[in-house]
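Participant: what's the 3D shape of this:
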Amino acid sequence: MEMFVADFHIHSKYSRATSKNMNIPNLIEWARYKGIHLLGTGDFTHHLWLQEIKQSLEYLPEKGLFFSEGIYFILSGEVSNIFSERGKVYRVHNLIMAPSLEVVQQINKMLSYYGNLASDGRPVLGMSCKNLAEELFKISPDIMLIPAHIWTPWFSVFGSNSGFNSLEEAFQEFTDKITALETGLSSDPPMNWRLSALDRFSLVSNSDSHSPQRIGREANVFDCEVNYWEIKRVLEAKDKDKFLYTVEFFPQEGKYHYDGHRNCKVRLHPKETKKHGGICPVCGRPLTRGVLNRVEELADREEGFVPQNSIGYKSLVPLSEIIAEARGMDRSSKAVEKEYVKLVREFGSEFNLLVNVEENQLFSQLPPKIAEGIKKVREGKLNILPGFDGEYGVIKIFDQTEDKSKDAQLTLF
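Facilitator: Sure thing, here's the model as predicted:
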């Protein structure tokens with residue numbers, strides 16, 4: 001048994017709108033910085049990426065995983081199912097995981113009949129969710145199928161603009177074969193606990209990262225053998241002793257938490273949306289309904305309900321954002337990255353620093369304002385302007401009126 005952090009859902013440089021730095025050496029380097037032990041390969045449907053996986057990683061058949069330089073990899077890929085049923089177009093993203101290249105090759109052969117796998121790392125397939133599940137489980141019962149970021153308005157199983165009202169509608173008789181559900185950046189476990197229909201599923205959190213620096217921003221913490229089949233069993237059984245908790249964004253920071261129109265700069269809580277009849281007060285067109293609104297619509301429980309068999313979670317803010325705000329800099333600046341790398345090397349990993357390091361050690365070994373930032377995040381004492389219509393939310397850790405003298409101490413580090 002060993003505790004490890006896993007991020008199953010990422011993309012490679014072969015996916016649209018991803019960093020060219022999404023290659024295996026960078027993924028290994030950033031997995032170390034972040035404290036991730038097991039990383040999804042992403043994009044196994046893309047032939048060029050699959051070639052890189054074969055060349056760069058060592059397959060461990062007894063584990064059903066790949067390995068390189070201390071980091072395990074699990075074969076994973078996201079597909080975009082776009083299909084019509086009963087006169088409506090559905091758009092649903094699904095995450096697929098497999099224990100071997102042989103299984104992946106069979107999956108890719110099957111999927112190639114439904115879409116052009118070479119066009120994008122996340123291919124568009126003209127097949128329904130039910131059909132996808134049926135064909136995958138014909139290939140192998142070992143495959144894991146996880147509906148991705150289940151609340152995103154445009155591309156998810158419950159999406160307000162393109163989804164279903166229940167998993168059964170989408171997957172029909174194959175619903176029981178779903179391994180887990182991915183909550184996505186704009187929702188967290190308490191939001192999902194409001195639907196009793198989701199109680200039997202493990203809720204996983206992944207980064208869906210398009211750049212190396214973003215891997216692990218959401219993740220899963222296990223205490224079990226690092227083994228494909230064991231992870232699958234733990235997720236399907238919702239084994240609380242072995243699936244310890246998820247690492248979450250504060251959901252307000254996600255791009256689709258509130259309703260709104262980005263171009264009109266209109267950001268609304270679902271209650272305000274209701275007052276406007278779902279129409280943008282600026283342009284008069286329908287608002288993009290966010291995740292909170294959709295959860296409210298489908299929920300059969302009040303806010304704050306905690307199911308008996310729920311898996312715990314911790315809400316975190318990425319270390320680079322804490323450093324950036326403490327220093328009053330942009331988080332993509334070289335100075336922030338330099339400070340970040342120094343700190344993670346000193347403390348072992350970002351995960352260790354944000355979650356495990358004792359408070360007195362934080363304050364004795366870090367610049368005071370960064371230590372204070374980590375403490376505030378742990379306590380959830382933040383000001384958040386929620387994200388909406390594709391725009392990330394804005395987190396403010398420090399009250400703007402706080403003592404400015406702390407800034408001076410940063411330069412001493």
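Participant: got the domain boundaries for this protein?
Facilitator: Following automatic domain parsing, one gets these domains for the chain: 2-253, 318-410.
Participant: any idea which helix or strand carries residue 59?
Facilitator: Element membership of residue 59 [criterion: DSSP states H and E] is strand 58-60.
Participant: who does that strand pair up with?
Facilitator: Pairing partners of strand 58-60, with direction, according to DSSP bridges: strand 65-68 (antiparallel).
Participant: what mean pLDDT does the strand it pairs with have?
Facilitator: Mean pLDDT, strand 65-68: 98.
Participant: contact partners of that strand?
Facilitator: By CB atoms under 8 Å, 6 or more residues apart in numbering, the residues outside strand 65-68 that reach it are 24, 28, 38, 41, 53, 56-60, 72-75, 99, 226-228. No exception for glycine: its C-beta is placed from N, CA and C like everyone else's.
Participant: Run through the stretch 201-350 of the chain and note the low-pLDDT ranges.
Facilitator: Applying pLDDT under 70 to the stretch 201-350 of the chain flags no residue at all.
Participant: ok, for residue 230, nearest residue in space, not its chain neighbours?
Facilitator: Spatial nearest neighbour of residue 230, chain neighbours left out: residue 224 (5.3 Å); criterion: CB to CB, 6 or more residues apart in numbering.
Participant: Got phi/psi on the one you found?
Facilitator: Taking degrees, to the nearest 10, you get phi -150, psi -180 for the backbone angles of residue 224.
Participant: and if you look at residue 39?
Facilitator: The phi and psi values for residue 39, taken as degrees, to the nearest 10, are phi -120, psi 140.
Participant: cool, the one 10 residues further on as well?
Facilitator: Dihedral angles phi and psi of residue 49 (degrees, to the nearest 10) take the values phi -70, psi -40.
Participant: hmm, back to that, show residues contacting the strand holding residue 59.
Facilitator: With contacts defined as CB under 8 Å, 6+ apart, strand 58-60 is touched by 65, 66, 67, 68, 100, 101.
Participant: ok, now stretch 137-147?
Facilitator: Under CB under 8 Å, 6+ apart, the answer for stretch 137-147 is 8, 64, 92-99, 103, 106-107, 110, 129, 132-133, 136, 156-157, 167, 170, 174, 177-182, 204, 228-229, 232, 235.
Participant: Give me the buried subset of the residues you listed.
Facilitator: If you count burial by 16 or more other CB atoms under 10 Å, the buried members of the contacts of stretch 137-147 come out as 8, 64, 92-99, 103, 106-107, 129, 132-133, 136, 156-157, 167, 170, 174, 177-182, 204, 228, 232, 235.
Participant: longest strand anywhere in this structure?
Facilitator: Ranked by number of residues, the top strand in the chain under DSSP state E is strand 71-85.
Participant: buried sites along it?
Facilitator: For strand 71-85, the neighbour count (16+ other CB under 10 Å) marks 71-83 as buried.
Participant: returning to what we had before: looking at the domains of the chain, which one is packed in the most?
Facilitator: Of these, the one with the most neighbours on average (mean count of other CB atoms under 10 Å) is domain 2-253, at a mean of 20.
Participant: Straight-line length of that domain, end to end?
Facilitator: With CA to CA, to the nearest Å applied, domain 2-253 spans 31 Å between its terminal residues.
Participant: what's the spacing between the strand holding residue 59 and its chain's center?
Facilitator: Centroid separation between strand 58-60 and its chain, computed with CA atoms, centre = their mean, to the nearest Å, is 25 Å.
Participant: now do stretch 136-143
Facilitator: Computed by CA atoms, centre = their mean, the chain-centroid distance of stretch 136-143 equals 24 Å.
Participant: looking only at pLDDT, what's the mean for the strand holding residue 59?
Facilitator: 98.
Participant: circling back to that earlier point, just the ones of the buried ones among the contacts of stretch 137-147 in helices?
Facilitator: Of the buried ones among the contacts of stretch 137-147, the ones assigned to helices by DSSP state H are 103, 106, 107, 129, 132, 133, 136, 167, 170, 228, 232, 235.
Participant: helix/strand/coil for the nearest residue to residue 37 once chain neighbours are set aside?
Facilitator: In this structure, residue 37 finds its nearest non-sequential neighbour in residue 4, 3.8 Å apart by CB to CB, 6+ apart. Recorded secondary structure, residue 4: strand (DSSP: H, G, I helix; E, B strand; the rest coil).
Participant: Would you mind confirming that residue 387 makes contact with residue 260?
Facilitator: No. In this structure, residue 387 is not within contact of residue 260 by CB atoms under 8 Å, at 9.0 Å.
Participant: Just the pLDDT at residue 2, thanks.
Facilitator: At residue 2, pLDDT is 78.
Participant: Grab the nearest non-local neighbour of it.
Facilitator: residue 226 (6.8 Å).
Participant: From residue 35, how far off is that neighbour?
Facilitator: When distance is defined by CB to CB, to the nearest Å, residue 226 is 14 Å away from residue 35.
Participant: same deal with residue 61?
Facilitator: Separation of residue 61 from residue 35 (CB to CB): 27 Å.
Participant: do the same with residue 117
Facilitator: Going from residue 117 to residue 35 by CB to CB gives 33 Å.
Participant: and if you look at residue 211?
Facilitator: 18 Å.
Participant: Residue 155 too?
Facilitator: Here residue 155 is placed at a distance of 29 Å from residue 35 (CB to CB).
Participant: need the domains of the chain in a markdown table with distance to residue 282, can you?
Facilitator: What follows is the domains of the chain, written out as a markdown table (distance: least, CB to CB, whole Å):
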| stretch | distance to residue 282 |
| --- | --- |
| domain 2-253 | 19 |
| domain 318-410 | 12 |
